[in-house]
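Q: predicted model and sequence follow; I will ask about them next.
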Amino acid sequence: MAKSSDDKKPGVEVARIATNRRARFEYEILDTFEAGIALRGPEVKSLRQGQANLAGAFAIVKRGEVWLIGCQISAYKQASRENSDPLRERKLLLNRSEIARIDGRVSERGFTLVPLSLYFKNGRAKVELGVARGKKSHDKREAIKQREDRREVDRALSQARKRG
């Protein structure tokens, strides 16, 4: 788990567990939220070992609560009996006003709630959620083209540094 300085506040320690790289490619992220996750003990220990996968995960608003679906947290080997289903639905902890804002945006046609990353912040498991709209194929092609152009520029700069 690599530490990063995502937060501007001093003394805030963030340890990334998993990122959903595909989400930023597949979707246009319009708004982001930070939510806590209701976990069981063995799930926390498994997360500390980096055993999580956000591929194919999404979130929904159901009866005034936000739920994370499809996030895989592998079983913790030392807790054989207490382990739960790795793909179980997990409740996300948000304020009522945030849930209302999310529900208003997601209820519009074409919007969805996608987990972007999973991390520990000051010892607490958090998930970064994004209110997103799916990209069209031409938008994806444009993103690929920009990424390749950026690589070529970086490659040219590094070659120029080696020569010079």
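A: Good, I have the coordinates.

Q: so which helix or strand takes in Ala156?
A: helix 137-163 (DSSP states H and E).

Q: give me the mean pLDDT for that helix.
A: Averaging pLDDT along helix 137-163 yields 82.

Q: also stretch 33-46?
A: 86.

Q: coming back round to it: in the helix holding Ala156, what's buried?
A: Within helix 137-163, no residue counts as buried by 16 or more other Cβ atoms under 10 Å. (C-beta placed from N, C-alpha, C; glycine too.)

Q: same deal with stretch 111-123?
A: 111-121.

Q: what of stretch 121-135?
A: Result for stretch 121-135 [16+ other Cβ under 10 Å]: buried residues 121, 125-132, 135.

Q: then stretch 70-89?
A: Those buried within stretch 70-89 under the rule 16+ other Cβ under 10 Å are 71-73, 75-76, 83.

Q: show me where the protein has strands.
A: 3-4, 14-19, 27-37, 52-53, 58-62, 65-69, 72-73, 90-93, 111-121, 124-134 (DSSP state E).

Q: which of the ones you listed has the lowest mean pLDDT?
A: Taking the mean pLDDT of the strands of the chain, strand 3-4 comes last: a mean of 44.

Q: distance between stretch 90-99 and the chain's centre?
A: Chain-centre distance of stretch 90-99: 16 Å, with Cα atoms, centre = their mean, to the nearest Å.

Q: can you give me the end-to-end distance of it?
A: Chord length of stretch 90-99, first to last residue, is 15 Å (Cα to Cα, to the nearest Å).

Q: do stretch 36-46 as well
A: 16 Å.

Q: and stretch 12-23, by the same measure?
A: Length of stretch 12-23, first residue to last, Cα to Cα: 26 Å.

Q: next, the buried residues of that stretch.
A: Buried residues in stretch 12-23, counted by 16+ other Cβ under 10 Å: 14-15, 17-18, 20, 23.
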